[in-house]
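**Q** sequence first, predicted model second:
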Amino acid sequence: MALTTGSANQSFLPQQAGDLIVRPALAASIAAQVSTVVHVESHDFRIPIVSADPTAAWVAEGAEITPSDPTLTELVVTPFKLAGLTIVSRELAEDSSPQAAKVVGDGLARDIARKLDSAYFGNTVANGPSGLLSLTTSTAVEAASSFTTVDAFASALFTAEGVGANVDSFVTSPAEALALATLKEQSGSTKPLLGSDPSVPGRRTVYGRPLLVSSAVGVKTAWAIPKDRVFLVIRSDARIEVDRSAFFTSDRVAIKATMRVGLAFPHPLAIVKVTHA
């Protein structure tokens with residue numbers, strides 16, 4: 001069903017704005033907020049991985065130093081297409097004011113963000129990338145049936161540090177975030193256990209790291225993510241296209257948003273899955 005001037009209240013049509021989709025989608029996506037975002041021009045993006053360092057040794061004065069080489073591999077990321085299509089009437093396209101162009105564009109951007117997060121925190125997606133659940137990551141487990149403390153989050157921080165990484169943020173589901181937000185410092189206290197971020201009112205922190213919320217995260221789960229060890233690779237040809245010929249006989253206009261994006265996790269053990277029993 002197409003949007004018309006009556007159903008949409010004369011609001012829409014993005015004629016020339018790639019940023020109408022790309023920037024709002026990235027702003028709405030939790031995956032984009034916790035990852036290193038890379039824009040590329042090529043078909044593939046290659047990430048070098050040092051799987052073994054060169055070796056050093058104590059050497060006597062004047063003795064020869066034995067050379068050694070690092071072991072190098074690479075992770076090749078090929079972005080997949082993420083696309084959305086909507087249809088509006090010609091009258092709506094022609095009667096809309098420029099200020100109203102965001103309405104349909106924002107709708108496409110929101111759904112692109114939802115699909116991106118679903119892939120990122122999920123397993124392998126048909127015709128798409130493989131997410132966190134497809135990896136063999138580190139884990140931190142709380143023995144209780146719910147998060148009754150934040151000890152598992154502390155364990156996640158030190159687990160990541162044990163492999164040379166630093167956790168920048170935690171991401172969990174709305175239900176788990178609510179359970180954590182209602183934890184108190186001690187029995188009988190009304191003071192929340194979680195900290196707050198003075199620079200971002202309303203944002204809660206765990207051990208100084210922001211606690212973000214995404215409905216794409218599964219139950220009993222939170223992710224501890226080092227931003228420099230996860231990549232969201234965006235092909236630069238993300239765009240909006242408007243076509244007036246596809247629905248010629250019904251006098252409608254098709255608006256298509258496409259975005260090619262890939263996910264890369266070159267150091268899976270630096271990512272920690274925090275769970276409870």
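**A** Looks like it came in fine. Residues are numbered from 1 along each chain as shown.
**Q** in what helix or strand does residue 38 lie?
**A** In this structure, residue 38 sits in strand 36-40 according to DSSP states H and E.
**Q** elements contacting that strand?
**A** strand 231-235 (3 or more C-beta pairs under 8 Å, 6 or more residues apart in numbering; DSSP states H and E). In this view, the C-beta of every residue, glycine as well, is placed from N, C-alpha and C.
**Q** the strand holding residue 38 vs strand 231-235, what angle?
**A** Counting by axes from the mean of the first three to the mean of the last three C-alpha atoms, to 10 degrees, strand 36-40 lies at 20 degrees to strand 231-235.
**Q** how about the strands in the protein?
**A** 36-40, 45-52, 71-77, 80-89, 138-142, 169-172, 195-196, 204-206, 209-213, 221-225, 231-235, 239-243, 252-264, 272-276 (DSSP state E).
**Q** mind giving me JSON lines with the ones you listed and columns for distance to residue 30?
**A** Output for the strands of the chain, formatted as JSON lines (distance: least, C-beta to C-beta, whole Å):
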{"stretch": "strand 36-40", "distance to residue 30": "13"}
{"stretch": "strand 45-52", "distance to residue 30": "21"}
{"stretch": "strand 71-77", "distance to residue 30": "20"}
{"stretch": "strand 80-89", "distance to residue 30": "16"}
{"stretch": "strand 138-142", "distance to residue 30": "20"}
{"stretch": "strand 169-172", "distance to residue 30": "6"}
{"stretch": "strand 195-196", "distance to residue 30": "19"}
{"stretch": "strand 204-206", "distance to residue 30": "14"}
{"stretch": "strand 209-213", "distance to residue 30": "5"}
{"stretch": "strand 221-225", "distance to residue 30": "10"}
{"stretch": "strand 231-235", "distance to residue 30": "11"}
{"stretch": "strand 239-243", "distance to residue 30": "23"}
{"stretch": "strand 252-264", "distance to residue 30": "13"}
{"stretch": "strand 272-276", "distance to residue 30": "16"}
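**Q** using TSV, please lay out the ones you listed together with mean pLDDT.
**A** Converted to TSV, the strands of the chain look like this (pLDDT from 0 to 100):
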stretch	mean pLDDT
strand 36-40	92
strand 45-52	84
strand 71-77	87
strand 80-89	84
strand 138-142	94
strand 169-172	97
strand 195-196	75
strand 204-206	91
strand 209-213	94
strand 221-225	97
strand 231-235	93
strand 239-243	75
strand 252-264	86
strand 272-276	96
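**Q** got the contact list for residue 152?
**A** 140-142, 274-276 (C-beta atoms under 8 Å, 6 or more residues apart in numbering).
**Q** likewise for residue 180?
**A** 147, 150, 172, 193-194, 204, 206, 211.
**Q** how far away from the center of its chain is the helix ranked longest in the chain?
**A** Counting by DSSP state H, the longest helix found in the chain is helix 102-120. What separates the centre of helix 102-120 from the centre of its chain is 12 Å, taken as C-alpha atoms, centre = their mean, to the nearest Å.
**Q** pLDDT of it, averaged?
**A** For helix 102-120, mean pLDDT is 81.
**Q** that helix to strand 239-243, inter-axis angle?
**A** Going by the same axes, to 10 degrees, helix 102-120 makes 130 degrees with strand 239-243.
**Q** so what does helix 102-120 touch, helix or strand wise?
**A** Secondary-structure packing of helix 102-120 (3+ C-beta pairs under 8 Å, 6+ apart): helix 19-28, helix 30-34, strand 80-89, strand 252-264.
**Q** run the last query once more with 6 Å
**A** With contacts defined as 3 or more C-beta pairs under 6 Å, 6 or more residues apart in numbering; DSSP states H and E, helix 102-120 has these neighbours: helix 19-28, helix 30-34, strand 80-89.
**Q** tell me which of these sits most buried.
**A** Comparing these by mean neighbour count (mean count of other C-beta atoms under 10 Å), helix 30-34 ranks first with a mean of 21.
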